[in-house]
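**Student:** generate a structure from the sequence data that follows.
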Amino acid sequence: MAKIRVLIVDDHTLLRDGISALLDLVPDMEVVGEATNGKEALDKVRELLPDVVLMDLEMPVMDGLEASRRVRARYPSAKVLILSQYDDAQHVLDALGVGAQGFVLKTAASSDLVAGIRSVHRGDSYLSPSAARRLVGEFQRAEHPRGEDSYDQLTSREKEVLKLIAEGNTTQQIADLLVISRKTAEGHRTSLMAKLGIHDRVELVKYAVRKGIIRV
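**Tutor:** Numbering: from 1, shown residues only. Presented below is the predicted three-dimensional model:
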């Protein structure tokens, strides 16, 4: 099986070295390069064609948001996973807004980082549990307009899947929790999002908070 090719982008040498040492111990991953800023990251992506780019947000020359936007525009096959010290909801939303597929805090457990890399490589979105809680908490504190929606059109299983997605679970984790196949879980996700008229995970989290489906 081919290994997941990872590019590490961060302006702190010790952090890059630590992540590289960690991923060297993961059998299905390979660190193919490192970059110290967003501009250098673009050059490395063009040269190395990594599967996943671990991207810091605050860097000199070009920050992580702009670099992520350009990577996703120029190299759509490369998945971007933000690795940040900032845990507020706005940073998470900004990252997802420029095309990043996931967000992991630098204070997260190493298992979260590994899970995030695997998830975005598969094409799933990923929010580390702490980032997801911050995002949910922010929306829960905000005022939301009331109105009619299509929640009642969902089947009981689709409602279960909606709750699990909003809690930050990946498609594979949902399949495992509900004891169903990954393909079936993907089908439920596609169906419920179509019924609700929602097209991305962030909007789904907002909806779940408005409905009181998830709490923090």
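**Student:** how about residue 129: what's its closest non-neighbour residue?
**Tutor:** Once flanking residues are discounted, residue 129 sits nearest to residue 168: 5.8 Å by C-beta to C-beta, 6 or more residues apart in numbering. Where you see a C-beta, it was placed from the backbone N, CA and C, and this is true even at glycine.
**Student:** helix, strand or coil: sort out that neighbour for me.
**Tutor:** coil (DSSP: H, G, I helix; E, B strand; the rest coil).
**Student:** need the contact list for the residue lying closest to residue 166 once chain neighbours are set aside.
**Tutor:** The shortest distance from residue 166 to any non-neighbouring residue, by C-beta to C-beta, 6+ apart, is to residue 208 (3.6 Å). With C-beta atoms under 8 Å, 6 or more residues apart in numbering as the criterion, the residues that contact residue 208 are 136, 162, 163, 166, 214.
**Student:** quick check: which element contains the third one?
**Tutor:** Same thing as residue 163. Element membership of residue 163 [criterion: DSSP states H and E] is helix 156-166.
**Student:** show me what that helix is packed up against.
**Tutor:** Under the contact definition 3 or more C-beta pairs under 8 Å, 6 or more residues apart in numbering; DSSP states H and E, helix 156-166 sits against helix 171-178, helix 182-196, helix 201-211.
**Student:** which one of these is the most hemmed in?
**Tutor:** helix 201-211 (a mean of 19; mean count of other C-beta atoms under 10 Å).
**Student:** from residue 11, how far off is residue 43?
**Tutor:** Between residue 43 and residue 11 the distance is 15 Å, computed by C-beta to C-beta, to the nearest Å.
**Student:** likewise residue 191?
**Tutor:** If you measure residue 191 against residue 11 using C-beta to C-beta, the figure is 43 Å.
**Student:** still on that earlier bit, out of residue 43 and residue 11, which sits in the busier spot?
**Tutor:** With neighbours defined as other C-beta atoms under 10 Å, residue 43 and residue 11 compare such that residue 11 has more, 17 against 11.
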